[in-house]
Structure formats: C-alpha cells, structure tokens
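> Next input, structure requested:
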Amino acid sequence: MLLQVCDQHFQALLHQTCPLQLPDGSLLPIQVQSIELRPQARLPENPRIPFSVMLRSLEPTPFVDGLCALELPQLGRVEAIFVSREPPLGRDPALGYFNIVFN
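Next comes the predicted model:
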C-alpha cells in the first residue's frame, strides 16, 4: 500500500485537521503543513517522485517517532507510515512537528 501513496493523496489534506493513529493506538490531531517534492531523489526504475510531508500536532504530545496510520483520500487507511519528530526550531515548543518521507 505504501508504494501507491503519492503527493496528490496529501494535497486534499493540506492545511486540514485529521487524526494520526500513533503506535500505541491513540489518536493525535494533526495538521498537514506542507508537501515537498524531491524529484532529484527519484530512482530511474521508480515512477513515483519522492516527497516529504510536514505535520504539526494540534496538542502537546510525547510521541517521538514510529509506525503510524492515517486516512488518505482515495486510498483509505494507510498503515505502517514511519513518522519522525523534528525539533521546534523557533516554533511553539509545546506542540509536535513531524516529517514523513516517501522515497
């Protein structure tokens, strides 16, 4: 299923609030902040253009990283998405900032 995910699946979620299911089964309300294409990282045999998705939690969370699940338009529930936390770097330190990379 992860190989079917492309940046367009996240376009409909851009700046929208949605629940991210964490590894412990709890739901964290997040907002999709941005989507960045990485065409220079594309392998010749792979038709998908690599991309990354930046997320922001809408409430404080101790979650750092792990395999999560997310409902994506046109695909439904996608599991085993590795989500990793990034430092706040001048943003609200009470919230969580996360990155998903699709190669």
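> Tell me what the nearest residue to residue 96 once chain neighbours are set aside is bridged to.
Nearest non-adjacent residue to residue 96, counting by CB to CB, 6 or more residues apart in numbering: residue 57, 3.8 Å away. All C-beta atoms are positioned from the backbone trio N, CA, C, and that covers glycine. Per DSSP bridges, residues listed as beta-bridge partners of residue 57: residue 30.
> buried set for stretch 30-47?
Within stretch 30-47, the residues scored as buried using 16 or more other CB atoms under 10 Å are 30-32, 35.
> could the residues you listed go into JSON lines alongside distance to residue 80 and pLDDT?
As requested, these are exported to JSON lines (distance: CB to CB, whole Å; pLDDT from 0 to 100):
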{"residue": "30", "distance to residue 80": "17", "pLDDT": "98"}
{"residue": "31", "distance to residue 80": "22", "pLDDT": "97"}
{"residue": "32", "distance to residue 80": "18", "pLDDT": "97"}
{"residue": "35", "distance to residue 80": "20", "pLDDT": "96"}
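> Just say helix, strand or coil for residue 8.
Classification of residue 8 by DSSP: H, G, I helix; E, B strand; the rest coil places it in helix.
> Tell me which two of the buried residues of stretch 30-47 sit farthest apart.
Across the buried residues of stretch 30-47, the longest distance by CB to CB is 13.7 Å; it joins 30 and 35.
> Fine, thanks again, bye for now.
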